[in-house]
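In: build me a model:
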Amino acid sequence: MGHRKQMKPLILLNFKTYPETAGKKALLLAKKLEKVKTKKYELVIAPSLPTLEEVAAGTSLTVFSQHTDLAGLGAFTGKISAQELKKIGVKGTLLNHSERKIPFSILKRIAADCKKNRLIVVICASSLEEAKQVARLKPDYLAYEPPELIGGNISVTKAKPEVISKAVELVRKMSPKTKVLCGAGVQSREDVLKALRLGTKGVLIGHAVPKARNQAKFLKELLK
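Out: Residues are numbered from 1 along each chain as shown. As a prediction, this is how the structure comes out:
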């Protein structure tokens, strides 16, 4: 996945810390998913932090971190540094997810540090007001996710399509190179196609894939 050059729509799968993706199951799932071939999309996974190195080393899929801290290589106990992520083969990071919010003044510095270390930066925003703030940081991707729909059965593309269009327009004006991803409740091929029709460049998916009965089959259907 080329830094800032990727043109295919992005499918970013957030493994969170589900029972189905915890510990050794992260690599097992990654190996199942890497067998799903697609020419239409760029597939990226974000495993839990303790499984990152094993998954990055053991799969051909592009791996992102679910979070990065403002920390270097040094006396930073319990922190996740961009430099270390880079050293273990991680290609990008998710920042400011609604389950891991970061104060804007800190987010600004983390994003800059990640860019300096050549990590692809995906920053989440849960409102148009926040999207406006985030766009000022010029991330590679801005993931728009209304928090009330995350983990639910109704996709944001069905519940709030007009908000997605507004987010796309707003980001295009403020940071033309930033691509918008759509998240929250995305769980079908129709949701993905509708997100793309609304002007996004991909989707951020959480529970739908890990919780599927046959995860590889489900992903294959999603990417048709």
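In: roughly how far does the most far-flung residue of the chain relative to its centre sit from Leu119?
Out: Most distant residue from the mean C-alpha position of the chain: Ala75, 28.3 Å away (Cα atoms, centre = their mean). Separation of Ala75 from Leu119 (Cβ to Cβ, to the nearest Å): 22 Å. Every residue, glycine included, has its C-beta placed from N, CA and C.
In: same deal with Thr77?
Out: Counting by Cβ to Cβ, the gap from Thr77 to Leu119 is 22 Å.
In: more neighbours: which of those two?
Out: Set side by side, Thr77 and Leu119 show more neighbours around Leu119, with 24 against 5, by other Cβ atoms under 10 Å.
In: residue contacts, that one?
Out: The contact partners of Leu119, taken as Cβ atoms under 8 Å, 6 or more residues apart in numbering, are 65, 68, 82, 85-86, 90-93.
In: can you do 6 Å?
Out: 82, 92-93 (Cβ atoms under 6 Å, 6 or more residues apart in numbering).
In: who wins on neighbours among the residues you listed?
Out: Most surrounded of the contacts of Leu119: other Cβ under 10 Å gives Ala82, at 27 neighbours.
In: quick check: chain neighbours aside, which residue is closest to it?
Out: Asn117 (4.1 Å; Cβ to Cβ, 6 or more residues apart in numbering).
In: ok, now Lys25?
Out: Pro19 (7.7 Å).
In: now that neighbour. Its backbone dihedrals?
Out: Backbone torsions of Pro19, given as degrees, to the nearest 10, read phi -60, psi -30.
In: what count of nearby residues applies to it?
Out: When neighbours are counted by other Cβ under 10 Å, Pro19 comes out with 9.
In: go on, Val122?
Out: Neighbours of Val122 (other Cβ under 10 Å): 30.
In: hmm, Leu94 and it touching each other?
Out: Yes. Using Cβ atoms under 6 Å as the test, Val122 is close enough to Leu94 to be in contact (5.0 Å).
In: surely Val203 is in a strand?
Out: Yes. The assignment for Val203 by DSSP: H, G, I helix; E, B strand; the rest coil puts it in a strand.
In: could you measure from it over to Thr59?
Out: Distance from Val203 to Thr59, by Cβ to Cβ: 20 Å.
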